[in-house]
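Student: heads up, no residue letters with this:
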């Protein structure tokens, strides 16, 4: 039961982590986040369903176009719901991103339809490991989540555009003076954020069902995970996602489902009370 | 407050009498995961209303159906109920398939003294609501009776000795937890375990693992179509294939598409099937459905059949109640239900279906066990 719970938790946790990474990326470069990250996840699943099932495309091009559209949605979020407010120093982007998410959810409700739909399995088959039956998808989900987190890490350290991202994180004014197009970097961060959410949506879709509010609860949990990890650490956010997912699965397995939400969110509160900057975050340095 | 509601309802009754038609309200899920079920209830009522209106209606007036979508949400159901009762002035209000919505509406019904008819939601407290003046009736299954039937079916068909419960975490799940526990206790048995899951849970493996480790040799499943599909998919991932005896939640939508190839492993209760040799009423209703709805080419297209059949019989019995009342006054129509004698319906021939003590017209002798084969609901063991 322990091994089964850990594997289930790792699968769900890596999806929370992927969504939470989206919060990290935009917060790091602009101190803003897309509060409707769950809607971005839902869009990934809905676009992939529309291309792969409705239009009958092969899975790979269907997923590629779905992810491209998710990235485009991220650009829209930044241009419409974040930039106009952040530029004036207003915090109204908080509400604007939530509102845009509601618009996205309802647009999907009226175009995609009201009934949930089944998404085809991305991989079929399973294997037996230490007496536990594991579907390939269960193994693929954490593998994809961790690989993307690693790729993001390598990108920001080794590539010129990644370094530009780091420069904007460290000092936006100095980065601007060095010729880095800061608004473009922020826009790209939003595109990457929604793209990661889209990946989570496509991976989750075969396990869940595709419908317009499939991302709502996920988005909320991912935000809790992002805060728990400490919004300033990419690996911290990913690890917090895994911890949260495993904690949920362990509580359900050993104490029963009645305690899952109560205890998992109590653990989040206790962790934040003891470590206000999150498990892996650092306190902001105040220069006086 | 109560007297104000009563005066408003009285005014509504007089206003209802002044209308050219007898308005019948329907509040159900017309969107979301259970939209198909809402459509089935609508179709059953429409076929009955067409038949009644073709005969000239009742009390010299024709029937008119007024529908509202509750989106499976109690708050929206309550708003819609107030609108239909006090603005549209319906003579009788029909409910939908969600027990939580019906439970939220029933107190308003009892205070406003306008009859409520449940053609789907099976929660025991809907009709057994503890009110001295009870206006809630039902032509559908009842949880506490279904729960006894589920236990009996699991023992007779699968020789199960140690069943576990996997229940959706809402009032419907709670209602069945009580009913199943009582059914097991009555036979000196206990559940292997009782697990709950949320309607939007992606993975139910941890709950199912607990039941498996507790030695469950069969599962009692209670959940609407989406959540039930999540349970089946989680079982597939675990590679565990216990017999699944279910309440009728899977009937409400695209269960085969959502649950995948293991969908037929779920055996669930229904009150009617259009397959096999039909009664004259069954033949008549099926022909009327095929004539009115081009997508219905045969019995397999009447999905879910239970919604159509319950709603058809409920509407016919309601017309008899109004006829017996002789007016559209709420208390008189309520008493009209008690005056119904013999009626040859779709599900069965009813004989005094309602009394002041019994507000449920369907009992355990009227259940049929079914499974999904492709996208059709067939009696268990019947080939397409």
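Tutor: Looks like it came in fine. What you are looking at is a predicted structure, and each value in this text was computed from that prediction instead of being measured.
Student: tell me where the model's unsure across the chain.
Tutor: You didn't pick a chain, so chain A it is. Applying pLDDT under 70 to chain A flags residues A:124, A:130-132, A:282-288.
Student: that answer is for a different chain, and I need it for chain B
Tutor: The model of chain B has pLDDT under 70 over residues B:1-19, B:33, B:381-384.
Student: list the buried residues for stretch A:180-200?
Tutor: Buried positions in stretch A:180-200, judged by neighbour count with 16 or more other Cβ atoms under 10 Å in any protein chain shown: A:180, A:182, A:185-200. For glycine as for every other residue, the C-beta is placed from the backbone atoms N, C-alpha and C.
Student: what sits against the residue in the stretch 151-288 of chain A that chain B sits nearest to?
Tutor: Closest approach between the stretch 151-288 of chain A and chain B, counting by Cβ to the nearest Cβ: residue A:252, at 3.7 Å. Applying Cβ atoms under 8 Å, 6 or more residues apart in numbering or on different chains to residue A:252 gives the contacts A:5, A:259, A:260, B:206, B:207, B:210.
Student: quick one on the thing from earlier: just to be sure, which of the buried residues of stretch A:180-200 are found in helices?
Tutor: A:182, A:185-200 (DSSP state H).
Student: touching stretch A:271-279 from outside, list them.
Tutor: Residues from elsewhere that reach stretch A:271-279 (Cβ under 8 Å, 6+ apart): A:227, A:228, A:229, A:230, A:231, A:232, A:233, A:236, A:239, A:240, A:243, A:283.
Student: any of the residues you listed buried? List them.
Tutor: Burial by neighbour count, 16+ other Cβ under 10 Å: within the contacts of stretch A:271-279 this picks out A:227, A:228, A:229, A:230, A:231, A:232, A:233, A:236, A:239, A:240, A:243.
Student: could you check whether the helix or strand containing residue A:5 is close to chain B?
Tutor: For residue A:5, the element it lies in under DSSP states H and E is helix A:2-30. Yes - contact of helix A:2-30 with chain B (Cβ under 8 Å from any Cβ of the partner chain) involves A:4, A:5, A:8, A:11, A:12.
Student: the last one contacts residue A:250, doesn't it?
Tutor: No - between residue A:12 and residue A:250 no contact is recorded; they are 11.7 Å apart, counting by Cβ atoms under 8 Å.
Student: which of the two has more neighbours?
Tutor: residue A:12 (27 against 20; other Cβ atoms under 10 Å in any protein chain shown).
Student: residue contacts, the more buried one?
Tutor: A:245, A:248, A:249, B:202, B:203.
Student: check residue A:258 too.
Tutor: residue B:196.
Student: centre of the chain to the helix holding residue A:5, how far?
Tutor: On the basis of Cα atoms, centre = their mean, to the nearest Å, helix A:2-30 sits 7 Å off its chain's mean C-alpha point.
Student: hang on, the earlier thing: of all the buried ones among the contacts of stretch A:271-279, which two lie farthest apart?
Tutor: Largest separation among the buried ones among the contacts of stretch A:271-279 by Cβ to Cβ: A:232 and A:243, giving 17.1 Å.
Student: quick one on the thing from earlier: now tabulate the contacts of residue A:252 in TSV and tack on secondary structure.
Tutor: Below are the contacts of residue A:252 laid out as TSV (DSSP: H, G, I helix; E, B strand; the rest coil):
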residue	secondary structure
A:5	helix
A:259	helix
A:260	helix
B:206	helix
B:207	helix
B:210	helix
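Student: what parts of the stretch 251-384 of chain B come near chain A?
Tutor: B:253, B:254, B:257, B:258, B:259, B:260.
Student: in helices only, show me those.
Tutor: B:257, B:258, B:259.
Student: burial of the nearest residue to residue B:161 once chain neighbours are set aside, as a residue count?
Tutor: Counting by Cβ to Cβ, 6 or more residues apart in numbering or on different chains, residue B:217 is the residue found nearest to residue B:161 once chain neighbours are left out, at 6.1 Å. Residue B:217: 16 surrounding residues under other Cβ under 10 Å.
Student: what's the answer for the one 3 residues further on, then?
Tutor: Other residues within reach of residue B:220 by the criterion other Cβ under 10 Å amount to 28.
Student: residues touching it, list them.
Tutor: Residue B:220 makes contact with B:147, B:150-151, B:154, B:163-167, B:176, B:180, B:191, B:245-246 under the criterion Cβ under 8 Å, 6+ apart.
Student: from those, which ones fall inside strands?
Tutor: B:163, B:164, B:165, B:166, B:167, B:245, B:246 (DSSP state E).
Student: how about a markdown table for the residues you listed, with neighbour count and distance to residue A:23 added?
Tutor: Below are these laid out as a markdown table (neighbours: other Cβ atoms under 10 Å in any protein chain shown; distance: Cβ to Cβ, whole Å):
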| residue | neighbour count | distance to residue A:23 |
| --- | --- | --- |
| B:163 | 26 | 43 |
| B:164 | 24 | 38 |
| B:165 | 24 | 38 |
| B:166 | 29 | 33 |
| B:167 | 25 | 34 |
| B:245 | 25 | 43 |
| B:246 | 26 | 39 |
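Student: nearest spatial neighbour of residue B:36, chain-adjacent residues omitted?
Tutor: Of all residues not flanking residue B:36 in the chain, residue B:253 sits nearest, at 4.8 Å (Cβ to Cβ, 6+ apart).
Student: okay, and residue A:98 sits in which element?
Tutor: Going by DSSP H and E, residue A:98 is part of helix A:93-112.
Student: now what about stretch A:139-159, what contacts it?
Tutor: Stretch A:139-159 has contacts (Cβ under 8 Å, 6+ apart) with A:10-11, A:13-15, A:17-18, A:21, A:25, A:122-123, A:161-163, A:165-166, A:192, A:196, A:199-200, A:203-204, A:234-235, A:238, A:241-242.
Student: of those residues, buried ones?
Tutor: A:10-11, A:13-15, A:17-18, A:21, A:25, A:122, A:165, A:192, A:196, A:199-200, A:203-204, A:234-235, A:238, A:241-242.
Student: residue B:64 in helix, strand or coil?
Tutor: Recorded secondary structure, residue B:64: strand (three-state DSSP).
Student: excluding sequence neighbours, find me the nearest residue to it.
Tutor: Here the residue nearest residue B:64, using Cβ to Cβ, 6+ apart, is residue B:21, at 4.0 Å.
Student: ok, that neighbour touching residue B:62?
Tutor: Yes - at 5.3 Å, residue B:21 counts as touching residue B:62 under the criterion of Cβ under 8 Å.
Student: on that earlier part again, pop out the phi and psi values for the residue nearest to residue B:64.
Tutor: phi -120, psi 160 (degrees, to the nearest 10).
Student: please apply the same query to residue B:83.
Tutor: According to degrees, to the nearest 10, residue B:83 has phi -60, psi -50.
Student: neighbours of it, how many?
Tutor: Number of residues near residue B:83 (other Cβ under 10 Å) recorded here: 15.
Student: how much space between the closest residue to chain A within the stretch 251-384 of chain B and residue B:263?
Tutor: Across the stretch 251-384 of chain B, the shortest distance to chain A (Cβ to the nearest Cβ) belongs to residue B:257, at 4.2 Å. For residue B:257, the distance to residue B:263 equals 9 Å [Cβ to Cβ, to the nearest Å].
Student: repeat that for residue B:167.
Tutor: In terms of Cβ to Cβ, residue B:167 sits 19 Å off from residue B:263.
Student: for residue A:19, same thing?
Tutor: 30 Å.
Student: and for residue B:231?
Tutor: 11 Å.
Student: where do the strands sit along the stretch 51-200 of chain B?
Tutor: Along the stretch 51-200 of chain B, counting by DSSP state E, counting those that start in this stretch, strands occupy B:62-69, B:92-94, B:116-118, B:136-138, B:163-168, B:194-197.
Student: list the contacts of the fifth one.
Tutor: Read it as strand B:163-168. By Cβ under 8 Å, 6+ apart, strand B:163-168 touches B:151, B:154, B:173-174, B:176-177, B:180, B:184, B:191-199, B:204, B:207-208, B:211, B:214, B:216-224, B:227, B:231, B:245, B:249.
Student: that strand pairs with which strands, parallel or anti?
Tutor: Sheet pairing of strand B:163-168 (DSSP bridges) gives strand B:194-197 (parallel), strand B:218-222 (parallel).
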